[in-house]
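> A structural model of the following input is requested.
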Amino acid sequence: MPVFFHYLYFTNTPSHVPDTMSSTANEQTSLHQHDEQHERSGDAIRLEALLQQQTDVMEMLSAGIPLQDILTQIITWIQQTDQEIIASISLAGQASTHMGTACCTTPLTGKQGNALGSFEISYKSGRQPTPAELHFIRLVARTIVMAIEHSQQSVPTVTQTANARPATPESAAERENFYQLLMDTPAVIAVLSGPQHVYMLANKLYMETIGIDRNIVGKPIREALPELADQGIFELLDDVYRTGQPFIGHEIEVGLDRKGTGEREPVFFNFIYQPIRDAEGKVIQILVHAIDVTPSVMQRRKAEQSEQQFKSFVAHSPTPIGIYVGKELRIQTVNDAILQAWEKDASVVGKTFREAIPELEGQPFFDILDRVYDTGETYEAVEEKVMLMRDGILSPTYYNFTYKALRDEQGEIYAVMNTAMEVTEQVKARQKLAEAEENLRNAIEVAKLGDWKINLQTGEVVLADRIQQWFGASPGETITIEEATACITDPSILTNALERALQPGADRMINVDYEVTNFRTGEKRVMHTSGKVFLDDISQPYMIIGITQDVTEQRQRQQELERLVNERTRALSIANIELKEANKTLERVNNNLEQYAYVTSHDLQEPLRKIKIFSDILQNRTDHTADIFTRKYLNKIDASVNRMMALINDLLNFSRLDKAENTFVPTDLNLIIEDVKEDFELAIKEKKVILNVSPLQQIAAVPLQIRQLFFNLVGNAIKFSRQDLTPIVNISGRSVPATEISTHPQLNPSWKWYEIIVSDNGIGFEQRYAEKIFTIFQRLHTRDVYSGTGIGLALCEKVVSNHHGKIYAKGIVNEGASFHILIPITR
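Residues are numbered from 1 along each chain as shown. Sure thing, here's the model as predicted:
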């Protein structure tokens with residue numbers, strides 16, 4: 001005799017799912033997806049708990065536990081399921097044990113329609129149950145009805161406790177009583193026997209669930225429900241029968257041919273496959289205990305789909321959207337648009353609104369959000385100023401935005417949704433327009449302008465008060481267009497300008513001057529009127545708008561200015577004639593001076609050469625016979641002649657620089673330096689001069705003049721060396737950047753420039769003489785100490801000037817001097 005009640009002692013340990021199970025059932029099985037347990041909705045968890053509770057109730061009923069204990073256990077279980085619930089069960093003829101006012105009372109009605117009592121539920125918070133919770137309450141009530149009716153039908157022969165092991169129903173009456181218990185259970189119930197899983201029992205709910213009128217009792221499940229063949233169900237049953245391990249399924253999808261059309265309809269179940277063992281512990285049957293959760297699954301999936309669609313809408317919406325959850329207003333959902341507006345990234349999700357955007361501190365938005373959450377009143381803002389980060393700087397922005405409270409199924413506020421649209425550009429554009437209009441009004445007032453308008457469709461003419469006053473109207477008085485026209489000296493000037501602007505193909509602009517006479521005072525004014533013709537959608541003129549200005553004073557000033565200009569022009573013409581005569585005179589004088597310089601230098605050099613010859617003769621003849629006095633003065637004559645000849649030569653060279661034709665050719669500065677070194681070969685050896693020359697760049701120059709430049713600079717460096725120190729002369733060059741050239745206003749910044757530096761460690765000079773030393777005949781030392789004519793540096797400055805460059809000097813007494821030449825590389 002099988003032991004029907006052993007199945008009631010199943011374990012909650014997850015069962016093993018066989019490898020042979022199809023992929024469909026495997027993917028759906030929640031048993032091996034432990035993490036999903038935490039993601040289940042409260043409804044799914046309650047239904048699964050109800051499934052187990054029904055099994056516990058049947059166990060207690062079969063064990064003969066008193067009804068009151070069973071009902072107490074049901075209440076305890078319900079309140080453990082939801083800590084907020086207060087539940088009670090009142091049987092017919094007994095007082096209610098419920099404390100407080102119930103928000104939901106479900107009658108307990110038997111199969112015969114008789115009243116068995118009531119099932120009462122309330123919530124500590126005082127809220128009402130959701131539709132899903134009401135469905136759950138009704139299922140629990142049906143379980144209570146089953147327990148009451150079964151207890152009334154059977155009287156246990158042995159007193160047992162809830163934890164005692166039930167007796168084996170050996171009698172046919174006990175088995176029938178047990179089968180009846182299964183048939184009355186408000187769940188989908190079936191018993192399958194043997195390895196072929198032959199239907200021994202299927203209750204009304206089971207038959208209603210599989211659909212159509214099927215005669216399944218006595219048939220194997222493979223024959224009774226062939227549509228399950230490829231869904232992994234048969235494999236699950238085989239595995240439970242083989243291993244003896246129960247299987248718990250959560251929201252498993254099963255395709256049933258409920259209408260007999262061959263089309264499978266998806267149905268979702270929470271179920272238990274529980275093995276039933278005989279006295280020896282051998283599995284002989286399987287109890288199928290299930291609840292159809294299709295409505296809740298479909299509802300949740302619909303909600304999830306709706307939520308997913310909403311999330312997709314939020315994510316892809318160009319409108320900034322954010323959802324802030326709870327009293328703390330913690331950021332739950334944001335899209336890229338609002339993150340860009342905040343200049344934040346996704347790391348703000350999970351933070352409170354205050355933590356995520358601290359720059360809003362001191363602005364009203366935190367308080368507004370709190371008020372919306374507390375009151376549920378929607379807040380809408382239009383063009384509200386918000387200080388937000390823009391490129392790392394707190395800047396004013398403008399938004400149209402909404403804060404709207406979101407409510408759950410119980411109507412409780414749980415979040416605030418923020419939608420926004422930035423209108424900064426529009427606000428700034430309007431502000432600029434308003435500013436421009438104000439500026440225009442101010443400009444019209446300051447410039448004393450008058451605006452006017454002509455409606456070409458109605459013929460209406462509107463003149464500003466200022467214009468009417470120019471024509472003679474008193475303040476507040478309006479004159480007609482005929483009166484205003486009569487004040488114009490020559491009205492055709494204005495009418496012709498208007499007609500030209502209205503002609504097809506014209507530029508539509510009016511710009512004309514005319515004279516008016518004030519009809520009250522007789523004062524004449526010169527007016528300047530400008531305007532524009534505006535076209536409608538079909539390119540027809542419909543409006544002329546313009547401004548008029550009193551330009552009487554300007555015209556008077558212009559006439560006076562023209563008079564002065566004419567007088568000045570006549571004076572300049574006379575001065576120009578005189579200047580031309582002076583230039584001709586100066587040119588004749590310059591020619592005479594040039595001829596004089598040539599003749600003078602030739603005539604001066606000829607007697608100097610003779611004096612030099614005669615001096616040399618006297619020195620040669622008196623080498624041994626002349627006394628000291630004679631030799632002394634002969635030497636002085638010779639030195640004076642040499643100085644005079646050097647001076648004449650330097651003067652000639654200096655004057656030739658003004659007359660020389662400046663033919664610029666590519667010039668190798670390194671070759672010129674080599675020539676100059678040969679000129680000073682003896683002096684360099686005599687004074688043991690160290691001459692350092694860095695490689696120099698080729699430039700466009702006049703080679704002869706550049707040679708004169710280096711000859712004088714190197715000669716001065718050798719001449720003005722210190723006796724107690726080995727002379728060192730350095731020559732170097734570098735390209736000069738345009739930014740540096742800009743500090744020299746006299747130089748052309750579009751050319752490429754080169755700097756040549758000639759420096760020494762000689763006697764130097766005081767910096768205050770830096771400009772004076774380039775003056776002709778300027779000397780800082782006497783001839784007795786350092787020979788020279790005082791023309792060398794003036795010649796250098798002339799050479800650099802001829803090359804459109806600049807030369808300047810730096811010096812420190814007894815440390816040395818440096819000369820800097822800025823000269824174009826190309827021109």
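> quick one: the helices in the stretch 501-650 of the chain?
552-621, 628-659 (DSSP state H, counting those that start in this stretch).
> for the stretch 351-500 of the chain, that is, sorry about that
Using DSSP H, counting those that start in this stretch, helices in the stretch 351-500 of the chain cover 353-356, 365-375, 424-446, 465-471, 481-486, 491-502.
> which regions of the stretch 151-300 of the chain lie under the pLDDT threshold?
153-185 (pLDDT under 70).
> at 80 what do you get?
Along the stretch 151-300 of the chain, the model assigns pLDDT under 80 to residues 151-187, 279, 300.
> The nearest residue to residue 533 once chain neighbours are set aside and residue 548, how far apart?
Take residue 533 and drop its neighbours on the chain: the residue closest to it by CB to CB, 6 or more residues apart in numbering is residue 508, 4.1 Å away. All C-beta spots, glycine's among them, are computed from the backbone N, C-alpha and C. For residue 508, the distance to residue 548 equals 18 Å [CB to CB, to the nearest Å].
> Give the residue from these two that has the larger number of neighbours.
residue 548 (22 against 16; other CB atoms under 10 Å).
> quick one: contacts for that one?
449-452, 464, 467, 470, 527-529 (CB atoms under 8 Å, 6 or more residues apart in numbering).
> Next: residue 713.
758, 796, 819.
> in terms of contact, does the second one touch residue 712 like I think?
By that I understand residue 796. Yes - when contacts are counted by CB atoms under 8 Å, residue 796 is listed as touching residue 712 (5.2 Å).
> could you give the mean pLDDT of stretch 549-569?
For stretch 549-569, mean pLDDT rounds to 86.
> just to revisit the earlier point, which of the contacts of residue 548 lies closest to residue 296?
Lowest distance from residue 296 to those (CB to CB) belongs to residue 451, with 73.8 Å.
> so who does that closest one touch?
Residue 451 neighbours (CB under 8 Å, 6+ apart): 444, 464, 545-548.
> Out of the residues you listed, name the ones that lie in strands.
Cross-referencing these against strands under DSSP state E gives 545-548.
> Which of those has the largest number of neighbours?
Counting neighbours by other CB under 10 Å, the top entry in these is residue 548, with 22 neighbours.
> so how far is residue 327 from it?
Taken as CB to CB, the span from residue 548 to residue 327 is 66 Å.
> got it, and residue 267?
Distance from residue 267 to residue 327, by CB to CB: 41 Å.
> Between the two, which is the more surrounded one?
Taking neighbours as other CB under 10 Å, residue 267 and residue 327 compare with residue 267 leading, 20 against 11.
> in which helix or strand would I find the more buried one?
strand 265-277 (DSSP states H and E).
> Now the element after that strand, going C-ward?
strand 283-292.
> name the helices or strands packed onto that following strand?
helix 42-62, strand 188-193, helix 204-210, helix 233-243, strand 265-277 (3 or more CB pairs under 8 Å, 6 or more residues apart in numbering; DSSP states H and E).
> Including distance to residue 73, could these go into TSV?
Below are the helices and strands packed on strand 283-292 laid out as TSV (distance: least, CB to CB, whole Å):
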stretch	distance to residue 73
helix 42-62	7
strand 188-193	20
helix 204-210	23
helix 233-243	27
strand 265-277	19
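> I'd like the helices of the stretch 351-500 of the chain as JSON lines, with distance to residue 703 and mean neighbour count appended.
Below are the helices of the stretch 351-500 of the chain laid out as JSON lines (distance: least, CB to CB, whole Å; neighbours: other CB atoms under 10 Å):
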{"stretch": "helix 353-356", "distance to residue 703": "75", "mean neighbour count": "17"}
{"stretch": "helix 365-375", "distance to residue 703": "79", "mean neighbour count": "16"}
{"stretch": "helix 424-446", "distance to residue 703": "64", "mean neighbour count": "12"}
{"stretch": "helix 465-471", "distance to residue 703": "74", "mean neighbour count": "19"}
{"stretch": "helix 481-486", "distance to residue 703": "80", "mean neighbour count": "14"}
{"stretch": "helix 491-502", "distance to residue 703": "68", "mean neighbour count": "15"}
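> Could you spell out which stretches of this protein belong to which domain?
Per automatic domain parsing, the structural domains of the chain span 1-39+171-294, 317-428, 447-550, 556-631, 660-824.
> Relative to residue 133, which of the ones you listed is closest?
Closest approach to residue 133 among those (CB to CB): domain 317-428, 9.0 Å.
> Check the separation of the first and last residues in stretch 543-557.
34 Å (CA to CA, to the nearest Å).
> Repeat that for stretch 488-508.
For stretch 488-508, the first and last residues are 23 Å from each other (CA to CA).
> swap in stretch 220-232?
16 Å.
> swap in stretch 278-287?
By CA to CA, the extent of stretch 278-287 from end to end equals 13 Å.
> before we move on, what about stretch 341-359?
Terminal residues of stretch 341-359 are spaced 13 Å apart (CA to CA).
> Likewise for stretch 763-773?
Taking CA to CA, the first and last residues of stretch 763-773 lie 14 Å apart.
> Could you list the buried residues of it?
763-765, 773 (16 or more other CB atoms under 10 Å).
> Throw those residues into CSV and include secondary structure, distance to residue 225 and pLDDT, thanks.
Shown next, in CSV, are these (DSSP: H, G, I helix; E, B strand; the rest coil; distance: CB to CB, whole Å; pLDDT from 0 to 100):
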residue, secondary structure, distance to residue 225, pLDDT
763, coil, 122, 88
764, coil, 117, 88
765, coil, 119, 89
773, helix, 120, 82
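> which one among those gets closest to residue 746?
Among the buried residues of stretch 763-773, and counting by CB to CB, the member closest to residue 746 is residue 773, at 19.2 Å.
> Give me the distance between the residue lying closest to that closest one once chain neighbours are set aside and residue 75.
Closest residue to residue 773 apart from its sequence neighbours, by CB to CB, 6+ apart: residue 793 at 5.3 Å. Applying CB to CB, the value for residue 793 to residue 75 is 119 Å.
> swap in residue 244?
33 Å.
> Which one's more surrounded, these two?
Neighbour totals were compared for residue 244 and residue 75, and residue 75 leads with 19 against 13 (other CB under 10 Å).
> mind checking the SS state of that one?
The three-state label given to residue 75 by DSSP: H, G, I helix; E, B strand; the rest coil is helix.
> Retrieve the pLDDT associated with it.
85.
> wait, what's in contact with it?
By CB under 8 Å, 6+ apart, residue 75 lies in contact with 87-89.
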